[in-house]
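**Q** okay, sequence plus prediction incoming.
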Amino acid sequence: MKKRDIKKEIRRTCGTVACEAIFAASLINGVNKEAMQKPIIDAAVLQESSLKKISVAFDKTPRDFSSRKEYNKARRQYFKKVFGAIRNEFGATLQEIVTEMNGAMPKK
């Protein structure tokens, strides 16, 4: 997956979560509106921090390797590791935001 596509997914996901929180606060009776503000802010912060983390570069050049094939392999492994860590952190934080949203919903 390209960086551009990952950035689009981050924006889309965080925007959707924020919109859901706004809609819930506006349309559902009994929602704790003050508590629902924190997930909206947290989604914005998550988006901002994740987009900054995605903008990384491989710090080696093809000259540092004996062949272009080795360079490409090392570059792929580097980005796979970095993006995997970002994805795990993003998912965990997103889960926390959803838990906060659920906590603000009315108890039936």
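**A** Thanks, I have the structure now. Quick caveat, the model's predicted, so the values are computed rather than measured. Residues are numbered from 1 along each chain as shown.

**Q** all strands of this protein, in order?
**A** Applying DSSP state E to the chain gives no strands.

**Q** contacting residues for the residue nearest to the spatial centre of it?
**A** Centroid check for the chain by C-alpha atoms, centre = their mean gives Phe90 as the closest residue, at 4.1 Å. Each residue near Phe90 by C-beta atoms under 8 Å, 6 or more residues apart in numbering is listed here: 10, 46, 50. Quick note: C-beta positions are derived from backbone N, CA and C, even for glycine.

**Q** once you drop chain neighbours, what's closest to Thr61?
**A** Excluding its sequence neighbours, the residue lying closest to Thr61 (C-beta to C-beta, 6 or more residues apart in numbering) is Tyr71, at 7.7 Å.

**Q** what residues are up against the one you found?
**A** If you count contacts by C-beta under 8 Å, 6+ apart, then Tyr71 has 60-62, 64-65 around it.

**Q** what ranges in this protein fall below the confidence cut-off?
**A** Along the chain, no part satisfies pLDDT under 70.

**Q** biggest helix in it by residues?
**A** Among the segments of the chain that qualify as a helix by DSSP state H, the longest is helix 68-104.
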